[in-house]
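**Q** give me the fold of what follows.
(chains A and B)
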Amino acid sequence: MVGKVLGFAAQIAPWAIVGGLAYAAAFIKPGVEALPLPQPLNEPRDLFYDVSESAPGKFWFAGNSGLILEGGQTIEQWQRHIMSEPVNLQGIAASTDGTVLAVGNSGWTFRHHGNGEWASHHLPVSDIAGKLIEVTWQDGYFWVIGEMGAIFRTDAAATEWEDLSIEGDVALNDIARTENGDLWITAEFGTLYHSVDQGDSWESQELGYESLRSLAFYGTKGVIVGNGGVIFRTDDSGLNWAEVSSPTTEHLYDVIKDDGRWLATGNGGALLSSQDGESWNLLSPEGFADGYHTRLLATENGVLIAGQSIGLLSGERWMSLPDSLAGGR
Amino acid sequence: MISEIARSLSEFSIRHRGWVAIVIFVSTALMALNLLKIDVRTVFSDMIPSDHEYVDVHEAYKETFGGSNKVSILVQAREGDIMTLPILQEVQRVTRELAKVSGVNSFQIVSLASRKLKSVRASSMGIESVPLMWPDVPETGAGIDELREAIVNNPLVYGIYVEQDLSSTLIQMDFYDHLVDYSRIFPQVQAILDASPVADQVTYHVVGEPILYGWVDHFLDETVTIALVSLGAMLFALFLLNRTWRGTLLPLLSGVVSAIWALSIGVLLGFNFDPLVIVVAFIITARCFSHAVQLITRFDDICEGEGISPRKSAEQTMKELFRPGLLGLVSDAGAILCVLLTPIPLIQKVAIIGAIWVVTIGFSAVILTPVMLSWVKTPLRNAHPLNLRFLQTAVLSLAVRVVETRARFFVIPVTLLVVGLLVFKATDLTIGDATTGSPVLWEESAFNRDSARINASYPGTEQMFIVIESDDIDALKRPDVLSWMQGFQRRMERLPQVGGSVSLADIVLGVRRNLYEGNPRYSELGATQLENGELISFYMQGAAPDDLAQFADPLFRNGSVILFFRDRQGETLRQATYQIRRYIDEHPLEGVNVRLAGGSLGIIAAVNEILLSDQIEAIALALLVVILSCLLVYRSSASGVFFIVPVLISNVVTFAFMAWQGIGMSISTLPVVALGIGLGVDYAFYIVDSVKEYIERYPESELMEAVRQSLFSAGRGVLLTSVTLAAGVLFWSLSSLRFQAEMGTLIGLWLLVAAFTSLFVMPSLIRVLKPKFIFGDSIKNAESGQ
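**A** This next block holds a predicted model:
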């Protein structure tokens, strides 16, 4: 009996083997253990335009596609936030009570306080050119400026909004306040706006034809930077501006006063410093990327820089963020 | 019936031995003349599967979105950066010279010195789009500084064609697939680089499929040398072990006749001979040697043991070994013909030529060898005094001892255990390439070092593109389509092996930024289809019509997203295609169809997808051939189980070895495995059939006597052949072509495993299981042998 069973098994075994292999050929495919591809903290295609600090050591980078990177002193404190509208966020600022306001394309603003959610608010801007370019916190208000002369002011909670816009097709790039309370706005094609009544009315003047991107004041001294590497300087709170020699022809997007020196940055890895605002020289920190940078923010630990790459400049030492905190360069 | 055919054929062949020999030799001489027209080269189209969706996409768009024959040349400054006049002039010289290379698509030469790479300059006064360094190289310091700024500010150049620290730049070229001739491209490109007037200032690193196969051609002389040395080693081993000139020269004669016939038929069929598959030719020649050695060994046994004349011995040898010889050849030819179903022309050509080659062994070994043996005058004279027969005897005695003792009962469980463990290991086998560089060459080869160098500084040397298709004109300008591209690129760039990607959306971003004075805050897509159309029009101002061809067709209906990969490993491509499909499923686009996948990696991904099923299919069909052959000859399907055993063991051991050594299953391993099945089964045929033949001739003999006789006769041939061939195969490990070295090792391993399985496992199976197809209904012999 056993012999017969074994004999039968032997007869069908070869066909079973071939049949099994044929089944495998037809139905078994090379498997792939799918990588979950979790959202990394930062991606190669992330671009940043602004940075702000809501408390010492707690900062916020605003970038493209509705991205805000919340930063801290350790990598664990970093978080990636994506806004409900995936617009490019051009500016971000924090009030003294810790409210963070981000502004971006098509009139979109996003407000955040404490551990709460991000709340969106849409401002009435032009359908054709509705980019909100900059937000700053000064004198108890968030000031928001943008294309088509858009100027908005809101309170510390960013709930009550006032429209102070200028008539005309002009993109406003940066807003700053002097010691005497005057407001200044740099705009495209060499236009500089000045208000002595907290933005109720504006006077304009032309400083050449290159677009003016940013301005900063320190006491009565001030510096404006713009396209083509143009730099203007004032010693009398803006009454008179004089163009100074620039070591670069790259567009410059931001200027600040930091710890006794003026710093400016822009396209092509341009990073300039000056002690007096008149004589400028190029800085080349090791590892500083050749791409563009649009914002400088002086903090206790150094200058935070936002742009194609983000990082911290301490003296002349560059530390890219958040990679360096995670053990990278 | 087969015995009748064997008797008639052997009688006829020996009776008319003169005419038989003349016919074979004259035919061989005529065919040898035909070999003057042999075409030894790699043809890229031979490696493309004929029926796969990726290949369809590749074929439809390869001329515009990127072929699979791209060459990248990295020009690296020895010191400092490339922004010096001599180096920039060198980039220009190389770019211009490359236009003269055979088969090049001159519209697809991209470098700093081509008109493809442009600077879109913006100021408050407007924008202008001009080539970065065409037609002239800037000759002043200010001009070079301006070029540096233009490079750094162009995201489609900076980091993609120029390294971020400006220390190197890439020159890329593509070819018309149908004009590609690897044997010409490689030396022409090398000659251009060798003619460098600034060789002391730059180094060159060159990669791409044409260069890879150019290296294969470059090593052709070495390959032929290794083949000859290997052949010499085998003949020497045969001479040493056989101690006769006939035992050495007749296998060589058989091998030469077979090779001439098969290659000549290949030439007549219009086939080219790929240097990569020379190993396959070697395996078949090994088969030929094996059959000839079996015949010579049996002839010696009959002459020496039974004192019969050489002429009668030759006739009897041919008659006795006709059945296993025929079985082996039919199985070999059938097994290799099974890979004909694989829709890859190279494999199909190998299958056809391989099968023809195996069939020719029927004439060159099975007929010609006994005919030549019949003329032996002094069969008992040794050609040298060194007698190593004791070594063979020791191994064969050990094999007999295993069957004689109770050790035979442990053979099956031990074999099952070992095979089980090896199957477990074999499951780690990688489908597709298992190494980061090209598996054709060694990791430390110049090609793979260049590849690693470029991949370390640039997004990746290997490319795959996906196609976005629509029926609507200007569909690619839709904001949702461009936004889809951006999202897709973001997702794919999360894969660690993806170094970067480019698409029409990247162009639009750059143009919009430049339209707004180069302000990065405007690096964004247009809000409407119309606006995107205008942005693209700005880009095309002053551009050549084909400047956007890489990304979109002229009507903007079909476009590409090009992904750069840092390696081409099987796992990388499976992961990539999985993630692409996943993204497409998760993000459907209305009115638009997204298709995978073109470019060199699209082709490799297609090959990998069909490889596993085709490999298993080939094994299944090859086993089916073995079983049908057994059914035909022994009239028993159960006999199939017997002969499958050594095949499966050899197969499993080889796959486990590949997994252990990190050798991926590739297009090149397919024919090796199919041929290996033939190799594995041949030895078993000779051993088992010898037992059966003995029992049929001496029905009253004991089983152990039959086994002993089989092992010392057929077994000696098996041992002699396997050791000889394995010795020859060793030399392949010295090859500069990693593929050949690995395949040589695999074949050697396969031969030894198959041989030792036949010697140490099969006899025990015969004695323990007493199969009916050997002993018939009366198992008297079997029982008396207990």
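**Q** tell me which stretches of chain A form helices.
**A** In chain A, the helices defined using DSSP state H lie at A:2-27.
**Q** what's opposite B:Phe564 in the beta bridge?
**A** As for beta bridges, B:Phe564 partners with B:Gln463, B:Gly500 under DSSP bridges.
**Q** pretty sure it sits against B:Phe465.
**A** No: if you go by CB atoms under 8 Å, B:Phe564 and B:Phe465 don't touch, sitting 10.2 Å apart. Yep, even glycine has a C-beta here, placed from its N, CA and C like the rest.
**Q** how about the secondary structure of B:Ser114?
**A** Counting by DSSP: H, G, I helix; E, B strand; the rest coil, the backbone at B:Ser114 sits in coil.
**Q** just for chain B, where's the confidence low?
**A** B:1, B:120-128, B:379-380, B:542, B:671, B:674, B:678-679, B:777-786 (pLDDT under 70).
**Q** tell me where the stretch 1-150 of chain B has strands.
**A** Along the stretch 1-150 of chain B, the stretches classed as strands by DSSP state E, counting those that start in this stretch are B:71-77, B:104-110, B:118-123, B:126-131.
**Q** closest one to chain A among those strands?
**A** The closest of those to chain A is strand B:118-123. By CB to the nearest CB, the value is 6.7 Å.
**Q** for chain A, what's the nearest residue on the stretch 301-450 of chain B?
**A** For the stretch 301-450 of chain B, CB to the nearest CB, closest residue to chain A: B:Ile431, 4.3 Å.
**Q** what about that residue, how many neighbours?
**A** 22 (other CB atoms under 10 Å in any protein chain shown).
**Q** so which bits of the stretch 151-300 of chain A are right by chain B?
**A** A:188-190, A:209-211, A:227-228, A:249-251, A:253, A:267-269, A:289-292, A:294 (CB under 8 Å from any CB of the partner chain).
**Q** returning to that earlier point: the residue of the stretch 301-450 of chain B closest to chain A: what's it in contact with?
**A** A:30, B:570, B:574, B:608, B:611-612, B:664-665 (CB atoms under 8 Å, 6 or more residues apart in numbering or on different chains).
**Q** from these, which is closest to A:Glu300?
**A** B:Arg574 (49.4 Å; CB to CB).
**Q** the strand or helix carrying that closest one and chain A, any residue contact?
**A** Using DSSP states H and E, B:Arg574 sits within helix B:570-586. Yes: under the criterion of CB under 8 Å from any CB, chain A is reached by helix B:570-586 at B:570-571, B:574-575, B:578-579, B:582.
**Q** switch the residues you listed over to a markdown table; also include distance to B:Thr84 and neighbour count.
**A** Putting the residues of helix B:570-586 next to chain A into a markdown table (distance: CB to CB, whole Å; neighbours: other CB atoms under 10 Å in any protein chain shown) gives the following:
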| residue | distance to B:Thr84 | neighbour count |
| --- | --- | --- |
| B:Gly570 | 42 | 25 |
| B:Glu571 | 42 | 19 |
| B:Arg574 | 44 | 21 |
| B:Gln575 | 42 | 20 |
| B:Tyr578 | 46 | 15 |
| B:Gln579 | 42 | 20 |
| B:Arg582 | 47 | 13 |
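**Q** centre-most residue in chain B?
**A** With the centre of chain B defined as its mean C-alpha position, the nearest residue by CA atoms, centre = their mean is B:Ser668, 1.9 Å away.
**Q** pretty sure it sits against B:Phe739.
**A** Yes: with contacts counted by CB under 8 Å, B:Ser668 reaches B:Phe739, the gap being 5.9 Å.
**Q** between the two, what contacts are shared?
**A** B:Leu276.
**Q** what packs against the helix or strand hosting B:Asp300?
**A** Under the criterion of DSSP H and E, B:Asp300 resides in helix B:278-306. Identification of packing neighbours for helix B:278-306 by 3 or more CB pairs under 8 Å, 6 or more residues apart in numbering or on different chains; DSSP states H and E yields helix B:220-242, helix B:245-268, helix B:310-338, helix B:345-361, helix B:368-373, helix B:669-697, helix B:703-729, helix B:738-760.
**Q** B:Ile604 is nearest to which of these?
**A** Of all those, helix B:345-361 comes closest under CB to CB, at 13.5 Å.
**Q** okay, the angle between the closest one and helix B:245-268?
**A** 140 degrees (axes from the mean of the first three to the mean of the last three CA atoms, to 10 degrees).
**Q** wondering if helix B:345-361 reaches chain A at all.
**A** No: using CB under 8 Å from any CB, helix B:345-361 never reaches chain A; the gap is at least 15.2 Å.
**Q** want to throw the helices and strands packed on helix B:278-306 into JSON lines with distance to B:Phe186 and mean neighbour count?
**A** Listed next are the helices and strands packed on helix B:278-306 as JSON lines, based on distance: least, CB to CB, whole Å; neighbours: other CB atoms under 10 Å in any protein chain shown:
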{"stretch": "helix B:220-242", "distance to B:Phe186": "11", "mean neighbour count": "18"}
{"stretch": "helix B:245-268", "distance to B:Phe186": "24", "mean neighbour count": "22"}
{"stretch": "helix B:310-338", "distance to B:Phe186": "31", "mean neighbour count": "24"}
{"stretch": "helix B:345-361", "distance to B:Phe186": "19", "mean neighbour count": "24"}
{"stretch": "helix B:368-373", "distance to B:Phe186": "41", "mean neighbour count": "26"}
{"stretch": "helix B:669-697", "distance to B:Phe186": "25", "mean neighbour count": "25"}
{"stretch": "helix B:703-729", "distance to B:Phe186": "28", "mean neighbour count": "25"}
{"stretch": "helix B:738-760", "distance to B:Phe186": "17", "mean neighbour count": "24"}
